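>>> Sequence and predicted structure below; questions after.
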Amino acid sequence: MIDVVINVTLLAFLAITAVAIVRMTDLFAIIMLFGIFSFLSAAMFIVMDAVDVAFTEAAVGAGISTVLMLTTIALTKDHKEKQSGSHRPWLPLTVVLVTGAALVYGTLDIPAFGDLQAPAQMHVAPYYVERSFTETGVPNIVTAVLASYRGFDTLGEVVVIFTAGIAVLLLIGGRRRRSNAVGKEGEENDA
């Protein structure tokens, strides 16, 4: 019973945060709400016993993404989104609703959470539970799967995230150098 209350409460907070994000126009407040949304998503993952995914969501979603968006705002001059009077949100709303309906329809065949008759519980999970420690020497099954069985996949994900971070830093650094060069040219022209 308490699990249902926690799930409903977190889902309600996620929905309230999403609606607040959609309705706001101040970019700083939107970024802060995105951070809150990521922390609430991490809490949902913890409730579902996916602590590794929760940690990733908290670190990437709330941590790195929030810092990058705040840095972007600091480097831009206009902090508020300009809205025209002719903006009609019906097309984006329709696309989101159709996509959401398709995703819900696609999840109707998924086995119930923790179902012992699910294919993953009958074939894959017993193999990892029985053999992961003897084959890898790692006592934590999740760590054994991510670091050993799926080591190249995890390495690929880390490389993608690292490359994206470097690209963002290069873009931010390039903008600073250009603005400093323009500022120095203006000073030389004044002299």
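Perfect, I can see it now.
>>> so where is the protein shaky, pLDDT-wise?
For the chain, the stretches with pLDDT under 70 are 77-87, 174-191.
>>> for the residue nearest the centre of the chain, phi and psi?
Centroid check for the chain by CA atoms, centre = their mean gives residue 61 as the closest residue, at 3.9 Å. The phi and psi values for residue 61, taken as degrees, to the nearest 10, are phi -70, psi -50.
>>> residue contacts, the closest residue to it other than its chain neighbours?
Leaving aside its chain neighbours, residue 61 sits nearest to residue 38 (3.2 Å; criterion: CB to CB, 6 or more residues apart in numbering). Just so you know, the C-beta spots here come from the backbone N, C-alpha and C atoms, and that holds for glycine as well. When contacts are counted by CB atoms under 8 Å, 6 or more residues apart in numbering, residue 38 touches 57-58, 61-62, 65-66.
>>> quick one: what helix or strand has residue 38 in it?
helix 27-47 (DSSP states H and E).
>>> residues of that helix that come out buried?
27, 30-46 (16 or more other CB atoms under 10 Å).
>>> As CSV, could you dump the C-alpha coordinates of it?
Extracted in CSV, the C-alpha atoms of helix 27-47 (Å, rounded to 0.1, in the frame of the first residue of the first chain):
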residue,chain,number,x,y,z
LEU,A,27,14.4,30.3,-18.8
PHE,A,28,16.2,30.3,-15.5
ALA,A,29,13.0,29.0,-13.7
ILE,A,30,12.5,26.4,-16.5
ILE,A,31,16.1,25.1,-16.0
MET,A,32,15.6,24.8,-12.3
LEU,A,33,12.3,22.9,-12.8
PHE,A,34,14.1,20.6,-15.3
GLY,A,35,16.6,19.8,-12.5
ILE,A,36,13.7,19.1,-10.1
PHE,A,37,12.1,16.9,-12.7
SER,A,38,15.3,14.9,-13.1
PHE,A,39,15.6,14.5,-9.3
LEU,A,40,12.0,13.3,-9.2
SER,A,41,12.7,10.9,-12.1
ALA,A,42,15.7,9.6,-10.1
ALA,A,43,13.4,9.0,-7.1
MET,A,44,11.0,7.0,-9.3
PHE,A,45,13.9,4.9,-10.5
ILE,A,46,15.0,4.3,-6.9
VAL,A,47,11.4,3.2,-6.0
